[in-house]
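1. Need a 3D model of the sequence below.
(chains A and B, ligands or ions: 2)
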There are 2 protein chains.
Amino acid sequence: MGSTAANRAVDKGVDFANYFCTYGFLYHQKEMLCDRVRMDAYFNAIFENKHHFQGKTVLDVGTGSGILAIWSAQAGARKVYAVEATKMAEHARELVRANKLQNLVEVIEGSMEDVTLPEKVDVIISEWMGYFLLRESMLDSVICARDRWLNPNGVMYPSHARMWMAPIRSSLVDQKKSDYEGAMEDWNSFVNETKTYYGVDMSALTNPFTEEQRRYYLQTSIWNNLHPNQIIGTPVIVKEIDCLITTVDDIRDVRASISSSITEENARLCGFGGWFDVHFRGSNKSPAQQEIELTTAPSEDTGTHWGQQVFLLHPPQRVQCGDNLTFHFSMSRSKDNHRLMDVDLSCEIRQPSGKLLPPFQKKFYIE
Amino acid sequence: MGSTAANRAVDKGVDFANYFCTYGFLYHQKEMLCDRVRMDAYFNAIFENKHHFQGKTVLDVGTGSGILAIWSAQAGARKVYAVEATKMAEHARELVRANKLQNLVEVIEGSMEDVTLPEKVDVIISEWMGYFLLRESMLDSVICARDRWLNPNGVMYPSHARMWMAPIRSSLVDQKKSDYEGAMEDWNSFVNETKTYYGVDMSALTNPFTEEQRRYYLQTSIWNNLHPNQIIGTPVIVKEIDCLITTVDDIRDVRASISSSITEENARLCGFGGWFDVHFRGSNKSPAQQEIELTTAPSEDTGTHWGQQVFLLHPPQRVQCGDNLTFHFSMSRSKDNHRLMDVDLSCEIRQPSGKLLPPFQKKFYIE
Ligand SMILES: Nc1ncnc2c1ncn2[C@@H]1O[C@H](CSCC[C@H](N)C(=O)O)[C@@H](O)[C@H]1O
Ligand SMILES: Nc1ncnc2c1ncn2[C@@H]1O[C@H](CSCC[C@H](N)C(=O)O)[C@@H](O)[C@H]1O
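-> Ligands and ions are numbered 1, 2, ... in the order given. Just a heads-up that it's a prediction; the model follows:
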């Protein structure tokens, strides 16, 4: 396929330093284990659909502390393979033993991509979702596991996933702008002082410094817990994934052209919020008895550790109820790190009269 | 030599992800360029010792933005080789051009270890010092450059370096203790809730979690700007380095047995502060006209970006004026990352009466 960024071989050591290492800390696993929305969804998905687990073989991709493997065994699985790349595998093994499930759950330390199982499995369960669903690119590993180890009639937990976006208002737009301006003022006095005190003209670096700071303050998406009343237009689905059939090619580049209507009078469009939901529906051949949803949408009371990703619009734009936003969204993997994302967002706003506002086009980084 | 940690080959990609990457940002270079103590020391070292530069060849190891190379050229060097491992090299090249020194300064992008120069040099200048002097292990690269590229009568800038420690008082000891206790309380309610709501007994992980949190809150040394009045005993030199003759073997493990006297009545020994200084003295054969010192010792008004490293003592200990502390200090490289350090510190306190207080022994991590 040639040497495009997407196909570039990933150095395992570098991937560990950049990505896996944080998962080796119990502190980090605990943050996920304390996310009640997340925990309730997986718990209910398993225990309200025991028919998928009773007497079945299960693979937990990225078992971390082992929680999903333990629940699967408690729900009646005959055998659970729990694969974890980091040293967390040792703690998972301990936890399995302490919960007296060592005969049912086998913890395997290794990358999913490298592991060999003694048999195919009936269920693949995994909590692979990153910020805005696809950050971390861990779904790749789940797809790889599915293609190698899932029985023809097997089911995926979760079975479906969706990415959402909505136009929002947010004071972050002013804060980040002012942080950026502060950094640039600081730079300008630095240039002056360095010339005065040390005889070196640093102004040649003003352009690259500006670019660096713009990227950092204005173009990097931000983790945020949005309040529902910050949403000023209809939320739209950017991508739908059927976990049973999706491929890495299908998720490597996400492109969508979508429309949203502004639902507020005289609002300030400050950017877009992005989030995801996943569903546990079983499969066509073996549907769930109880469908479960895990959503990370803005919520008044129940936040998740994923929050939402906010893409800010500088400068913000005045919009009116009924204005129609058409936007083109395109997300691909960062060329330096396949687990991070580059986003292109262009947008046209058409007023109810038919008049078009000047379109804009922005580049963002999900770091 | 066998496969000891110290000899383990370093994966270049991993080293880049863990270490070099931050130096690729102008923001980070600017932090160093805004450190007036640091800047003044190098500036004065160069311009008050022009005889070392006029008509000479200079190598700047890790040139970053190019500042030391530019000064060397402005001080009259015939030729300056400025080596930088990161993309910052491109900005350095721009800066050299903007300051009209492109005929004198040659910026070379690459690891010092891999670079070939067309000639030997008369001066090696470098700002290689990390927290508590040796964190980052960049001196290794300077030593490597010296052994390959310095003329027999060449000089090192800086020429000497010292590590210092002193007994201190610090309210950080209480803060970190309480952070640690908060984290453990949190863990205990987490264990209870996970059992109650999700039927899984997490208590088997209490020990490893405790260890992880102890390491994080109590055993990791802390960046701090100490006030001189926090020093409660005589500062002592832990290590002296002559940059012209030191070897990697000489700095890989730092061991010292040293004594300090408590200089305050009824003080609370909360731990130790560690810092460094370096000197620009030229060499025996070619001494400096003006010796310059760069110190990162606690200071009332002029802090540096290095601050001091604080090693906390849990629990703190009551000491009296005249008490004599004998401590054994041992620092070696972390086995997972040769640029980070493990420290062992044991200490005996002898009162003026001759009575010995119970000795203690602690392990610390410089992360
Ligand atoms: N390719 C891969 N092979 C093995 N483990 C992987 C992996 N990619 C990610 N992981 C692991 O997957 C985990 C994702 S976090 C989820 C942990 C756990 N299943 C829970 O729900 O609480 C991390 O511990 C990470 O180290
Ligand atoms: N082995 C090596 N080869 C080349 N550059 C190195 C190196 N080890 C560290 N560096 C670079 O050395 C720099 C140290 S920071 C000092 C920068 C500059 N000399 C100044 O004084 O402002 C960083 O930019 C880092 O990327």
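
2. So residue A:193: helix, strand or coil?
-> Going by DSSP: H, G, I helix; E, B strand; the rest coil, the secondary structure assigned to residue A:193 is helix.

3. How many neighbouring residues does it have?
-> By other Cβ atoms under 10 Å in any protein chain shown, 15 other residues sit near residue A:193. All C-beta spots, glycine's among them, are computed from the backbone N, C-alpha and C.

4. Check residue A:149 too.
-> When neighbours are counted by other Cβ under 10 Å, residue A:149 registers 21.

5. for the closest residue to residue A:144 other than its chain neighbours, phi and psi?
-> In space, and not counting its chain neighbours, residue A:144 is closest to residue A:113: 5.6 Å by Cβ to Cβ, 6 or more residues apart in numbering or on different chains. Backbone torsions for residue A:113, taken as degrees, to the nearest 10, come to phi -60, psi -20.

6. check contacts around the residue in the stretch 201-350 of chain A that chain B sits nearest to.
-> Closest residue of the stretch 201-350 of chain A to chain B, Cβ to the nearest Cβ: residue A:204 (3.4 Å). Shown in contact with residue A:204 (Cβ atoms under 8 Å, 6 or more residues apart in numbering or on different chains): B:94-95, B:97-99.

7. What of residue A:129?
-> Applying Cβ under 8 Å, 6+ apart, we find residue A:129 in contact with A:138-139, A:161, A:276, A:278, A:306.

8. Residue A:162 versus that one, what's the distance?
-> 11 Å (Cβ to Cβ, to the nearest Å).

9. For these two, list the residues in contact with both.
-> Common neighbours of residue A:129 and residue A:162 (Cβ under 8 Å, 6+ apart) are A:276, A:278.

10. pLDDT at the residue nearest to residue A:144, what is it?
-> Residue A:113 is assigned a predicted lDDT (pLDDT) of 97.

11. need the residues of the stretch 51-200 of chain A near chain B, please.
-> Within the stretch 51-200 of chain A, the positions near chain B by Cβ under 8 Å from any Cβ of the partner chain are A:65, A:67, A:70-71, A:74, A:91, A:94-95, A:97-99, A:183, A:187, A:190, A:194, A:197-200.

12. Before we go further, residue A:83 is sitting in a strand, right?
-> Yes - under three-state DSSP, residue A:83 sits within a strand.

13. now it, which residues is it bridged with?
-> Under the criterion DSSP bridges, residue A:83 forms beta bridges with residue A:61, residue A:108.

14. which is the next helix or strand following the helix or strand harbouring residue A:292?
-> Here residue A:292, judged by DSSP states H and E, is contained in strand A:287-295. Note on strand A:287-295: by DSSP H and E, the next helix or strand toward the C-terminus is strand A:308-319.

15. What is that following strand packed up against?
-> The helices and strands touching strand A:308-319, judged by 3 or more Cβ pairs under 8 Å, 6 or more residues apart in numbering or on different chains; DSSP states H and E, are helix A:172-198, strand A:222-224, strand A:267-282, strand A:341-350, strand A:356-366.

16. And the strands in the stretch 101-250 of chain A, which stretches?
-> Listed in chain order, the strands of the stretch 101-250 of chain A (DSSP state E, counting those that start in this stretch) span residues A:105-109, A:121-126, A:150-157, A:160-168, A:222-224, A:236-242.

17. between these, which gets nearest to residue A:292?
-> The minimum distance between residue A:292 and the strands of the stretch 101-250 of chain A falls on strand A:150-157, with 9.4 Å, by Cβ to Cβ.

18. chain center to the closest one: distance?
-> Here strand A:150-157 is found 23 Å from its chain centre; the criterion is Cα atoms, centre = their mean, to the nearest Å.

19. Name the SS class of residue A:251, please.
-> Look at residue A:251: counting by three-state DSSP, its state is helix.
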